[in-house]
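Trainee: Structure for this input, please:
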Amino acid sequence: MSGKRAVEELRKPKHKLLALELCADLGEIKESIVTETDTVVKVVSIPGAVLDCPETVNPTTGIRYTPQVKCPDVETEIRYINTTKTVTQENTYRVDLLQGQYRILETERDQERSGKRKWRTAFFGLASLVIGVILLLRFKPF
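Mentor: Okay, here's the model as predicted:
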């Protein structure tokens, strides 16, 4: 068979899976990038420090003392930003091949299930008929 004839045969719908299987590695690579950003905000409270001032003398009483100053409490907002990039590369020929194989397997499974149902129905129908005949012969007065 010539190469041209082989290509014509593989283009037929009945040989689509075979063609995809042979050319799966040559397929177009579809790339998608998904970016997710998570932001966590944390508020940190830092208590103010107490500082000693220089020693002074009270002018009315004459007592020496060391005054203290308290700094104000500080709240700081800290932002943690996490960015995740997910790059997905997908071979479109291979995806088509796997979907086709999946459809074939589903069809085979459905046919097998329907075949089992037919046999089960026939068996129970025959068993019911035999039981009915036995009961009829046993209890029918002759």
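Trainee: What helices and strands are in contact with the longest helix anywhere in the chain?
Mentor: Secondary structure of the chain per DSSP state H: the longest helix is helix 92-139. With contacts taken as 3 or more Cβ pairs under 8 Å, 6 or more residues apart in numbering; DSSP states H and E, helix 92-139 sits against helix 16-23. From N, CA and C alone the C-beta is placed, and that goes for glycine too.
Trainee: Now do the next helix or strand after the helix it packs on: distance to the chain's middle.
Mentor: Under the assignment DSSP states H and E, the closest C-terminal helix or strand after helix 16-23 is strand 29-46. Mean-position distance between strand 29-46 and its chain equals 19 Å (Cα atoms, centre = their mean, to the nearest Å).
Trainee: And stretch 59-68, by the same measure?
Mentor: That offset, for stretch 59-68, works out to 73 Å (Cα atoms, centre = their mean).
Trainee: Can you check the distance spanned by that stretch, start to finish?
Mentor: In stretch 59-68, first residue to last residue: 18 Å (Cα to Cα, to the nearest Å).
Trainee: How about residues contacting it?
Mentor: For stretch 59-68, contacts defined as Cβ atoms under 8 Å, 6 or more residues apart in numbering pick out 50-58.
Trainee: Next, count neighbours for residue 21.
Mentor: A count of nearby residues for residue 21, using other Cβ atoms under 10 Å, gives 14.
Trainee: I figured it hits residue 97, correct?
Mentor: Yes: shown here, residue 21 and residue 97 form a contact pair, counting by Cβ atoms under 8 Å, at 5.8 Å.
Trainee: And the longest helix of the chain, how far out from the chain middle?
Mentor: Helix 92-139 sits 34 Å away from the centroid of its parent chain (Cα atoms, centre = their mean).
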